[in-house]
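Predicted model and sequence follow; I will ask about them next.
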Amino acid sequence: MSVPAAELVGVSKRFGPVLANDGIDLAVARGEVHAVVGENGAGKSTLMSILYGLHRPDSGHVLRAGERIRLRSPADGIRHGLGMVHQRFRLFPGLTVAENIVIGAEPVARGRVDQETAHRAVADLSAKYGLRADPAAQVGGLPVGVRQRVEILRALYRQAEVLILDEPTAVLTPAEAGRLFEVLRTVAATGVAILLVTHKLTEVLAASDRVTVLRQGRVTGRFATADTSADELVHAMIGRSLAAPEPRRRSKPDGDPALAVRDLTVHDADGVPRLSGVSFAVRPGEIVGIAGVAGSGQRELLDTVTGLRSPGRTGQVLLDGAPVVQGRDPRVAYVPEDRHGRATAPEMSLAENLLMGEQHRLATRFGLPRKTVRARAEQLTERFAISAASVDVPITALSGGNAQKAVLARELTRQSRVIVVEEPTQGVDVGVRERVHALLVAARDQGGAILLQSSELSELRELSDRVLVLFEGRLVAEFDADATEERLGQAMTGVLP
Amino acid sequence: MNIFELSFLSGVLTATAPVLLAALGGLICQVAGVFNIALEGQLLWGAFTAVVVSDVTGSAWTGVAGAIAATVLFSGMLSAASVGLRADPIVVAVGLNLLALGLTGFLMRRIFGSGGTYSSPELAGLPTLAELGLDVPVLGPQSPLVPLALALVVAAAWWLGRTRSGLRVRAVGQHREAAEAAGLRVGAYRHGVVLVAGALCGLAGAQLALGNVTLFSEGMSAGRGWIAVVAVMLSGVLPYRLLLACLLFGFAEAVGFRLQGARLPQQAADAAPYVITLFALVLAAVAARRRPKEAS
């Protein structure tokens, strides 16, 4: 191999008690797509941030085209031809697409930013790489897919020769992800080295040339994609093979429905119907999946079932035969998709987040005894294998997978029969995914009536005993657990089976 | 009282100018994401240093220059503490406001020998436009800093809206992490805007003590810096709206000034500008709460 475009040599980085990177070596060549995979918290993002200049390593160094470089800030990284597409986009909502892209290297004419040249440059780049984005649009109102293109365009505008993408597909639909990989191929073909951080193995196998696997801050595997397999990668990622999927245990739903929805219709603020005449029931001991393309009424359905949304609604939602209480019915356990908005209070500690909803039970006349709160939190952390430095750290300090386990720990111990779950494994790695699925199945077997919404068809099929398909606010089909993804997909897009 | 006289308009502009200059400084800080509530202290400090330097050198323009320099230094404490050392800008600003009040009172006694109000024939005030041969009848007998303040509104709008550094200042204020990731030196821009605000408050102080009147009295900023903070918040960080908010205050103060001749008690006349500003604030807050309803 010729001189790598970029190379990390013996990089170590410690955050408090956590050794995020432990002597990592990684080299990426011009024109290759190099996947960096690992579980949440394996050190991928830290490593990429070091390469871009966002963090400084405690030891080790970075070579760029064979030369040792010092990176004190992203400005240094950009100067050395590095570009990064962040997992949480780093864009200015109030500026236009063109301004977001040229900022830091704006064309100037007669003392002012030359908008015309900027727009032209952006349009040219867009066309060259097939990254559609209107230069004049304000970024604040754009869908996430377009925002990501803006970040990629910015890196290309700054003439990045090493392009880092941190979990780029976490926010994309499968179709958008496919298009992204095509774009990355085009970019790589021009000699750019691409580092693709992900934990989705199907993507790795489909889109990369080589793979480096990290676990607990160390490199545990280096593969040429063509010569490896998902099993081999999983083994390197989690240090064991995934348990062979247990033969599916049929659920034995029994008794009266724990959740019954009757002829539910919901209109939005503009009077547009979002749900029309939806009726179904979930009995104790079954998982009912909700499938549908984004915006088919899932949001409205789940918000109504949990009691969060009341206006514009007709029809009935019954929990054990009694109407749902508006404003988060305490009889429903709820695992929201929005992990640091609805699911947790980001400013509060892990212990406090685990407590929410139980505070009245633990309170004494003198308030909440700290000891009891901590003891309860520690017990839950252990039981649900949540790894955190302590229960007093802010919930945002936890990796996505651990935060999700914390939410599940809180909700599944509420002793609610009805459990509403949204996107339970979004953004978590295979190990956590396996664990989350086991928890949900266990809750079902103990008599939980679970309503599961997921945009991942494989997840719906693995977990659900029945799958209901929403299309334009109507329930258009019901499948049993054996439905193929193809048939589900047809129902979701309105091509009825 | 006839508010349609030219002399009334002139009074409005005179009252507006110091508030407007300070508010422009606050606006620039706000755009860059620094909530600067030290305008009151800086304005007072600017007024005091303008009078001291003018009194010592006998030149009003040297007084203006001195006020700018001294207030930039003063605002350096805010930028060093809140931008450099990441101290809470509110706490630092409150400290600076109190410091300015105490320090000017103390230095006044040391330099001029007594507290209260200082004025002297040697103290040179700013010339009027007419005295400089630039008579603009509409403006009335103003110091050149008044048209300068109006021009600076236009300049600020152009700078923020069109230029490279203006764009970057806006970017820094919108999203700090994004600005860092885009390779912008966030700290440098934030230091910069705080110091520019210092210069503008120096100008504001000079206009107040050498333009509006020719004297220094303890606490003479009299809440104008706070009005400027309110104006910034009302403006939605748009320079032209900021001008409107400041004109409202200037109008109220001019009305209050006229009322002193009328049957009203002195205190009521003095309170008028603040009462009117308070009403405007409440109205704007109500209007702002009405608007975003549909958005959510």
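That came through, no problem. Numbers count the residues shown, from 1 in each chain, chains lettered A, B, ... in the order given.

For stretch A:292-309, measure first residue to last.
End-to-end distance for stretch A:292-309, by Cα to Cα, to the nearest Å: 20 Å.

ok now that stretch, how far from the chain's centre?
With Cα atoms, centre = their mean, to the nearest Å as the basis, stretch A:292-309 stands 19 Å off its chain's centre.

Leaving out sequence neighbours, find the closest residue to residue A:336.
residue A:342 (3.8 Å; Cβ to Cβ, 6 or more residues apart in numbering or on different chains). C-beta coordinates here come from the backbone N, C-alpha and C atoms, glycine included.

Okay, the one you found and chain B: tell me how far apart.
Applying Cβ to the nearest Cβ, to the nearest Å, the value for residue A:342 to chain B is 15 Å.

Find the nearest non-adjacent residue to residue A:380, please.
residue A:409 (4.5 Å).

Would you mind confirming that the one you found makes contact with residue A:379?
No - with contacts counted by Cβ atoms under 8 Å, residue A:409 stays clear of residue A:379, the gap being 9.7 Å.

residue boundaries of the helices in chain B?
With DSSP state H, the ranges of helices along chain B come out as B:6-31, B:39-57, B:60-78, B:89-112, B:145-162, B:164-174, B:176-181, B:186-206, B:224-235, B:239-259, B:266-290.

Tell me which of the ones you listed is the most buried.
Among the helices of chain B, ranked by average contacts under mean count of other Cβ atoms under 10 Å in any protein chain shown, first place goes to helix B:39-57 (a mean of 28).

helices or strands up against that helix?
helix B:6-31, helix B:60-78, helix B:89-112, helix B:186-206, strand B:216-217, helix B:224-235 (3 or more Cβ pairs under 8 Å, 6 or more residues apart in numbering or on different chains; DSSP states H and E).

if we can go back for a sec, can you report how many residues neighbour the residue nearest to residue A:380?
Counted with other Cβ atoms under 10 Å in any protein chain shown, the neighbours of residue A:409 add up to 21.

got the residues of the stretch 101-250 of chain B near chain A?
B:158, B:162-164, B:167-168, B:170-171, B:174-175, B:177-185 (Cβ under 8 Å from any Cβ of the partner chain).

Show me what residue of the stretch 251-400 of chain A gets nearest to chain B.
Closest contact between the stretch 251-400 of chain A and chain B, by Cβ to the nearest Cβ, is at residue A:269 (7.4 Å).

Does that residue touch residue A:312 like I think?
Yes - look at residue A:269 against residue A:312 with Cβ under 8 Å: they come within range, at 7.4 Å.

Who has more neighbours out of those two?
Each of residue A:269 and residue A:312 has its neighbours counted (other Cβ under 10 Å); residue A:312 has more, 18 against 10.

So the residue nearest the centre of chain A versus chain B, what's the distance?
With distances taken as Cα atoms, centre = their mean, the residue of chain A nearest its centroid is residue A:427 (2.8 Å). For residue A:427, the distance to chain B equals 19 Å [Cβ to the nearest Cβ].

In three-state terms, label that residue for me.
What DSSP: H, G, I helix; E, B strand; the rest coil gives for residue A:427 is coil.

Now do stretch A:462-469: everything it contacts.
Residues outside stretch A:462-469 that contact it (Cβ atoms under 8 Å, 6 or more residues apart in numbering or on different chains) are A:245, A:250-251, A:253, A:280, A:286-292, A:437, A:440-441, A:452, A:454, A:460-461, A:475-481, A:483, A:488, A:491-492.

Just the ones of those residues in strands?
Among the contacts of stretch A:462-469, the ones falling in strands (DSSP state E) are A:280, A:286-291, A:452, A:475-480.

Show me just the buried residues among those.
A:280, A:286-291, A:452, A:475-477, A:479 (16 or more other Cβ atoms under 10 Å in any protein chain shown).

mind giving me TSV with those and columns for pLDDT and distance to residue B:29?
Below are these laid out as TSV (pLDDT from 0 to 100; distance: Cβ to Cβ, whole Å):
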residue	pLDDT	distance to residue B:29
A:280	94	56
A:286	92	59
A:287	93	54
A:288	94	54
A:289	93	52
A:290	93	49
A:291	89	51
A:452	94	49
A:475	91	55
A:476	89	55
A:477	89	58
A:479	90	59
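
Tell me the one among those residues nearest to residue A:327.
Nearest to residue A:327 among those is residue A:290, at 22.1 Å by Cβ to Cβ.

Okay, now the unreliable bits of the stretch 51-200 of chain B?
For the stretch 51-200 of chain B, no stretch has pLDDT under 70.

Go again with 80.
Scanning the stretch 51-200 of chain B with the threshold set as pLDDT under 80 gives B:135-138.

CA-only coordinates of stretch A:319-339 in CSV, if you can.
This file holds the C-alpha atoms of stretch A:319-339, laid out as CSV (Å, rounded to 0.1, in the frame of the first residue of the first chain):
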residue,chain,number,x,y,z
LEU,A,319,-57.1,0.6,29.1
ASP,A,320,-58.5,-2.4,30.8
GLY,A,321,-61.9,-1.1,29.8
ALA,A,322,-61.5,2.4,31.2
PRO,A,323,-60.8,5.4,29.0
VAL,A,324,-57.2,6.6,28.8
VAL,A,325,-56.4,9.6,31.0
GLN,A,326,-55.2,12.7,29.1
GLY,A,327,-51.6,13.8,29.7
ARG,A,328,-49.5,10.6,30.0
ASP,A,329,-51.7,8.0,31.5
PRO,A,330,-49.8,6.4,34.4
ARG,A,331,-51.1,3.0,33.5
VAL,A,332,-49.1,3.0,30.4
ALA,A,333,-45.4,2.3,30.3
TYR,A,334,-43.9,4.3,27.4
VAL,A,335,-40.5,4.1,25.7
PRO,A,336,-40.4,7.1,23.4
GLU,A,337,-38.2,7.4,20.3
ASP,A,338,-36.9,10.8,21.3
ARG,A,339,-34.3,9.7,23.8
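
Pull the residues that contact that stretch.
Residues outside stretch A:319-339 that contact it (Cβ under 8 Å, 6+ apart): A:256, A:258-260, A:304-308, A:310, A:316-318, A:342-343, A:357, A:400, A:403-404, A:407-408, A:411-412, A:414, A:416-424, A:426-427, A:453.

which among the residues you listed end up buried?
For the contacts of stretch A:319-339, buried by 16+ other Cβ under 10 Å: A:258-260, A:304-308, A:317-318, A:342-343, A:357, A:400, A:403-404, A:407-408, A:411-412, A:416-424, A:426-427, A:453.

end-to-end on stretch A:104-122?
Using Cα to Cα, the two ends of stretch A:104-122 sit 14 Å apart.

Go through that stretch and flag the buried ones.
Burial within stretch A:104-122, assessed by neighbour count using 16+ other Cβ under 10 Å, is assigned to A:104-106, A:112-115, A:118-119, A:121-122.

Please verify my assumption that residue A:267 contacts residue A:309.
No - here residue A:267 does not reach residue A:309: they are 11.1 Å apart, not a contact under Cβ under 8 Å.

hang on, the earlier thing: just give the closest residue to the residue nearest to the centre of chain A, not the sequence neighbours.
Nearest to residue A:427 is residue A:400, by Cβ to Cβ, 6+ apart, at 4.6 Å.

my guess is the one you found contacts residue A:428, does it?
Yes - using Cβ under 8 Å, residue A:400 is in contact with residue A:428, at 5.6 Å.

Could you pull out the residues contacting both of the two?
Contact criterion Cβ under 8 Å, 6+ apart; residues bridging residue A:400 and residue A:428 by contacting each: residue A:40.

roughly how far apart are the closest residue to chain A within the stretch 1-150 of chain B and residue B:230?
Closest residue of the stretch 1-150 of chain B to chain A, Cβ to the nearest Cβ: residue B:31 (10.4 Å). Remark: distance between residue B:31 and residue B:230 (Cβ to Cβ, to the nearest Å) = 17 Å.
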